[in-house]
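>>> mind looking at a prediction? Sequence and model below.
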Amino acid sequence: MRVHVTDLIPGDTMLREIFNRNGVHVLKKGTIVQLEEISRLLQHSIDYIDIEPREILLSIDPSSETPESLSKVKPHFDQAIDGFSTIFMEAFKTGKFNKSVVDDSFQPVVGSLMGQKDVVSLLLLLNGKDDYTYKHSMQVGMLSYYLATWMGYSSRESYDIGKAGYLHDIGKSKIPKEILDKPGKLSPQEFEEIKLHTVYGYDIIRESIDDKVTALVALQHHERDDGTGYPKSLREEQIHPYSHITAVADVYSAMTTNRVYQSKQQLLIVLRELYSLSFGKLNGKPSHAFIQNMLPNFIGKKVILSSGESGIIIMNNQSDYFRPLVQTSDRFIDLSKEREFAIQEILF
């Protein structure tokens, strides 16, 4: 059965070996086609291929339900969010927290992440408007852990970096709730008060655990390489490497999560913004490692386009990583070329 590449359906089986026009082997006979294989065929400019006769037409939508493995992670996320709530309230009342609660809450999450490579699905699983501060801390801990592993840190170091990310905003427990939850723009005086959460966080962590580096991350996660950050206007070489990592995770989580004063931005749009910030603001090494490792997670995700059409991301464009190739029910849309279209939402 001979079909055009754009008519392939995940589950089709290659009838013959596939070579491109230059004789380079692309796919072997018997390969069961998935979105990755369709993407590879398109990259090699292959138009028609032979497949085994189809018995059943399979759905192209890989996101019709939450994978079972993700469902198993959710209780650990909920436990960590509840755990941070406990830590936060204890810090609010006493100025310190029980260090055992931190590990009891965060260790199970790290254990559940060991077999999870699809970080985008994990972020979608955590999406929600409620309890921003607690969910944000959970996300930053998770993303800091992943980023540390991608950068080659040991499992022990990665856990410590993730834990520092988990605790990075503990100083907000000392910020008045009316400022923290204010729906409108902060006044200059209120913003100065918000900035103090970094100093408060350092003090709370130093009072609670014997870990100066984790305290430094709380103090430095809003510092920027060009010296424009706070609270001490440090420059790149003065900022701890763990703080560079948490800063990237913090910005990405903050920009992709619903907050009382700001709607979340789409996951790919924020990656592009992160790339821009990596030249002078956020440190380039963790920023680029984050982008490089996040992009493959978008392949296969269902999206809603600005045209109202739904489709699936099947390939990242080399010319514009943040505007991928999308397959709808009846066509392919190259967002790097057809710039009148944009992704409005990314779904499971």
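Yep, it's here.
>>> C-alpha only now, for contacts and for neighbours.
Fine.
>>> quick one: residues contacting Y146.
S158, G162 (C-alpha atoms under 8 Å, 6 or more residues apart in numbering).
>>> the stretch 1-150 of the chain: helices as residue ranges?
35-43, 68-94, 99-113, 119-125, 132-150 (DSSP state H, counting those that start in this stretch).
>>> out of those helices, nearest to G11?
Taking C-alpha to C-alpha, helix 35-43 is the member of the helices of the stretch 1-150 of the chain nearest to G11, at 9.5 Å.
>>> so what touches that closest one?
Contacts of helix 35-43 (C-alpha under 8 Å, 6+ apart): V5, T6, L8, P10, V26, L27, D47, I299, G300, I314, M315.
>>> which of the helices of the stretch 1-150 of the chain sits most buried?
A comparison of those by mean neighbour count, using mean count of other C-alpha atoms under 10 Å, puts helix 132-150 on top with a mean of 25.
>>> quick one: that one to helix 68-94, angle?
If you take axes from the mean of the first three to the mean of the last three C-alpha atoms, to 10 degrees, helix 132-150 sits at 120 degrees to helix 68-94.
>>> which positions in the next helix-or-strand element following helix 132-150 come out as buried?
Using DSSP states H and E, the helix or strand that follows helix 132-150 towards the C-terminus is helix 155-167. For helix 155-167, the neighbour count (16 or more other C-alpha atoms under 10 Å) marks S158, Y159, D160, I161, G162, K163, A164, G165, Y166, L167 as buried.
>>> okay, now T328: neighbour count?
Residues within reach of T328, counting by other C-alpha atoms under 10 Å, total 18.
>>> same check on R323?
When neighbours are defined as other C-alpha under 10 Å, R323 has 24 of them.
>>> what about Q189, which SS state?
helix (DSSP: H, G, I helix; E, B strand; the rest coil).
>>> just the one 4 residues further on next, same as before
Classification of E193 into helix, strand or coil gives helix, according to three-state DSSP.
>>> what does the top strand by length along the chain contact?
Secondary structure of the chain per DSSP state E: the longest strand is strand 310-315. Outside strand 310-315, the residues that touch it by C-alpha under 8 Å, 6+ apart are 35-36, 38-39, 61, 298-305, 324-329.
>>> returning to that earlier point: got the buried residues of helix 155-167 as TSV, with distance to T228 and pLDDT columns?
TSV is the format used below for the buried residues of helix 155-167 (distance: C-alpha to C-alpha, whole Å; pLDDT from 0 to 100):
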residue	distance to T228	pLDDT
S158	27	97
Y159	29	97
D160	27	97
I161	24	98
G162	25	98
K163	26	98
A164	22	98
G165	21	98
Y166	24	98
L167	23	98
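>>> sweet, I'm off.
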